[in-house]
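Student: Predicted model follows, preceded by the sequence.
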Amino acid sequence: MVDARIVQTTKALHTAIVELASTRAVSSISVADVTRAAGINRATFYSHATSPGSLLTAVLTPELDAIRDEDHALRLEGRADGSDATRRAMEKVVDHVVRYREIYRLALPDPLDASIHQALARHSAESSVQHLGPPPAGSLPEGLAAHTAARHLAHGLVGASEARPGGKRPSRRALRDPMNLMLPTWWG
């Protein structure tokens, strides 16, 4: 059984970092800012995270991981063909980015804290490697390793999110369409 105080503290930390990161770049958020907003002390903060960037990463990545797990299950169980599963997963990632658009708008181009950029790229690369799986003959261009293709695609997708197509507050479509166009023809 999880201690109710830990649950309450975790919720307060998550709420505080989301609110703070929605208004300014992660690199400008101090531990003191987070502890003040969450109503906790520094020692408690450090028992949950190493930095505001790591805390924000811990808040955002579980939702992305759930999208990847659902995508993997759809593919394994044959409930969706490759292109349909890719479309569904892409839609959910776009929904996530739009839901946290202010955080991503401020965090992705932050030159002093790349934690969110790295977390989103790592998630996308891991998802891509999982999607590509052990390649059947002919599924990837000759000489292209799955992990190389996955990292290239992942950083391109993060770059597309960072570019903020459609201005400061991009629509779902303004994010989704370029991402779909960037998928290679061999993706499947």
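Tutor: Noted; the coordinates are in hand.
Student: Quick one: end-to-end length of stretch 34-49, please.
Tutor: Stretch 34-49 stretches 11 Å from its first residue to its last (C-alpha to C-alpha, to the nearest Å).
Student: List the contacts of it.
Tutor: If you take C-beta atoms under 8 Å, 6 or more residues apart in numbering as the criterion, stretch 34-49 is touched by 9-10, 12-13, 15-17, 19-20, 31-32, 52, 55, 58. All C-beta atoms are positioned from the backbone trio N, CA, C, and that covers glycine.
Student: mind giving me the domain ranges of the protein?
Tutor: Following automatic domain parsing, one finds the domains of the chain at 4-46, 53-182.
Student: Pull out the buried members of the contacts of stretch 34-49.
Tutor: For these, a burial check counting by 16 or more other C-beta atoms under 10 Å picks out Thr9, Thr10, Ala12, Leu13, Ala16, Ile17, Leu20, Pro52, Leu55, Ala58.
Student: Pretty sure the fourth one sits against Ser54.
Tutor: No - distance between Leu13 and Ser54: 11.1 Å, which falls outside the contact criterion (C-beta atoms under 8 Å).
Student: rewinding a little: with mean pLDDT as extra columns, can I get the domains of the chain in a markdown table?
Tutor: Formatted as a markdown table, these follow (pLDDT from 0 to 100):
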| stretch | mean pLDDT |
| --- | --- |
| domain 4-46 | 96 |
| domain 53-182 | 80 |
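Student: Give me the neighbour count for Arg173.
Tutor: A total of 11 residues lie near Arg173 under the criterion other C-beta atoms under 10 Å.
Student: May I ask which helix or strand encompasses it?
Tutor: Arg173 belongs to helix 172-182 when assigned by DSSP states H and E.
Student: So what touches that helix?
Tutor: 87, 90-91, 94-95, 97-98, 153, 156-157, 160-161, 165-166.
Student: what two of the residues you listed have the greatest distance between them?
Tutor: Between any two of those, the greatest separation by C-beta to C-beta is 21.3 Å, found for Leu153 and Gly166.
Student: okay, which residue is most central for this protein?
Tutor: Leu120 (3.7 Å; C-alpha atoms, centre = their mean).
Student: And what about the nearest residue to it once chain neighbours are set aside, helix, strand or coil?
Tutor: In space, and not counting its chain neighbours, Leu120 is closest to Val158: 5.0 Å by C-beta to C-beta, 6 or more residues apart in numbering. When classified by DSSP: H, G, I helix; E, B strand; the rest coil, Val158 comes out as helix.
Student: Val158 is in contact with Ala121, isn't it?
Tutor: Yes - in this structure, Val158 is within contact of Ala121 by C-beta under 8 Å, at 4.7 Å.
Student: Who has more neighbours out of those two?
Tutor: Val158 (23 against 20).
Student: ok, the more buried one - contacts?
Tutor: Leu108, His117, Leu120, Ala121, Ser124.
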